[in-house]
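In: Dropping the sequence and predicted coords here.
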Amino acid sequence: MSILIKGAGVAGLVLAYELRRRGLNVTLNDTAPSGGHGASYYAGGMLAPWCERESANETVFELGLSAADWWEQALPGLVHRKGTLVVAQNRDRVELERFAKRTNGYQWLDENGVAALEPALAGRFQRGLYFAGEAHLDPRKALRSLQEKLENCGVTMSFSQRLATPLRTFSSVVDCTGPSAIGTIKGLRGVRGEMLMLETRDIQLTRTVRVLHPRHPIYIVPRGEGRFMLGATMIESNDGSEASARSIMELLNIAFALHPAFGEARILETGAGVRPAFINNTPRIVKTRDGIAITGLYRHGFLAAPALAKEAADLLQRSRRKGAA
């Protein structure tokens, strides 16, 4: 059984790993120069099913429950199991209470509890929510490592061009091209996300911190060595061009509200990517003309990809057995 995976973002690389570990022959093709480009390149890398439950449905929550374990098994040492801290300015405390009502898996913290978790935030927040079971990883480092593993275990890879081999030579074809499938898969739309990378040695954070705000909630993910990734913009658009000034100002304003030290931070990078999503923002596997697709990952790529890859691998193996019968 030979399987072609089109697209080497998080969905494609994770599926290739899941199939190869089951002993299947895999070819991975992407028009990008290497794996991990597109929206995956600008992802936050948060493995946070309970926090996502606040705005996502139960399916997303269930897909994400095993994500941290999957990534830890695949890439030992790259998953940071420090939990997630959710805070809000005192004037926005109603946002914190609303967030708590829409999910579970947390404990309430008072001002001392927040300071105990993140000393840099001492005296800045009266209350917070701590989701101890959540984790995060560095998406770029994770996808580079995953690609290296695939190369070393015999997965055929081709980049920078479309595969010349006819699709009929493969027993199955899986579309993991993300936003490139918009317009070809019914109901798929683009949601633009923007990010900002800052560097400062004047503040230390050890876990993802989500800052709630009525209009512009953000997350800040530590990347180590004084670097922090900021994100959370969600704009209904297929425009994948550079981040807008408005979005960058919003991210910087909330970061400054979290801690004034971010006002003196150096801007290392800005970026934007388009994430494919269905109307309910729930990732799923769909049938296509050539086979199946893992798509609609929205902002849940690293969280949902492992479970969807297992589901797709099971589906492909059942199809293989049925065809052999």
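Out: Sure, I can see it. This one's a predicted model, so the numbers in the text were calculated from it and none came from an experiment. Numbering: from 1, shown residues only.

In: give me the low-pLDDT residue ranges for the protein?
Out: Regions of the chain meeting the criterion pLDDT under 70 cover residues 1, 320-325.

In: domains in it, as residue ranges please.
Out: Using automatic domain parsing, the domain parsing of the chain gives 2-64+137-177+286-324, 84-132+189-277.

In: Return the most buried member of those domains.
Out: Highest mean neighbour count among those (mean count of other Cβ atoms under 10 Å): domain 2-64+137-177+286-324, with a mean of 20. The C-beta positions use only the backbone N, C-alpha and C, and glycine is treated the same way.

In: returning to what we had before: distance to residue 70 for the domains of the chain - can I get that in TSV?
Out: As requested, the domains of the chain are exported to TSV (distance: least, Cβ to Cβ, whole Å):
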stretch	distance to residue 70
domain 2-64+137-177+286-324	4
domain 84-132+189-277	18
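
In: Skip ahead from the helix or strand residue 51 falls within and say which helix or strand is next.
Out: In this structure, residue 51 sits in helix 49-52 according to DSSP states H and E. Past helix 49-52, further along toward the C-terminus, the next helix or strand under DSSP H and E is helix 58-64.

In: packing partners for that following helix?
Out: Secondary-structure packing of helix 58-64 (3 or more Cβ pairs under 8 Å, 6 or more residues apart in numbering; DSSP states H and E): helix 49-52, helix 301-324.

In: can you list these in TSV and add distance to residue 290?
Out: Putting the helices and strands packed on helix 58-64 into TSV (distance: least, Cβ to Cβ, whole Å) gives the following:
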stretch	distance to residue 290
helix 49-52	31
helix 301-324	13
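
In: need the strands for the stretch 201-325 of the chain, in chain order.
Out: 208-212, 218-224, 227-231, 235-236, 266-277, 284-287, 292-295 (DSSP state E, counting those that start in this stretch).

In: looking at the helices and strands packed on helix 58-64, which is closest to residue 106?
Out: Proximity to residue 106, assessed across the helices and strands packed on helix 58-64 by Cβ to Cβ, is greatest for helix 49-52 (6.6 Å).

In: circling back to that earlier point, will you turn the strands of the stretch 201-325 of the chain into JSON lines that also has distance to residue 191?
Out: Below are those laid out as JSON lines (distance: least, Cβ to Cβ, whole Å):
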{"stretch": "strand 208-212", "distance to residue 191": "19"}
{"stretch": "strand 218-224", "distance to residue 191": "16"}
{"stretch": "strand 227-231", "distance to residue 191": "13"}
{"stretch": "strand 235-236", "distance to residue 191": "6"}
{"stretch": "strand 266-277", "distance to residue 191": "5"}
{"stretch": "strand 284-287", "distance to residue 191": "16"}
{"stretch": "strand 292-295", "distance to residue 191": "13"}
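
In: among those, which is nearest residue 314?
Out: Here strand 284-287 is closest among the strands of the stretch 201-325 of the chain (Cβ to Cβ), at 10.2 Å.

In: who does that closest one pair up with?
Out: strand 292-295 (antiparallel) (DSSP bridges).
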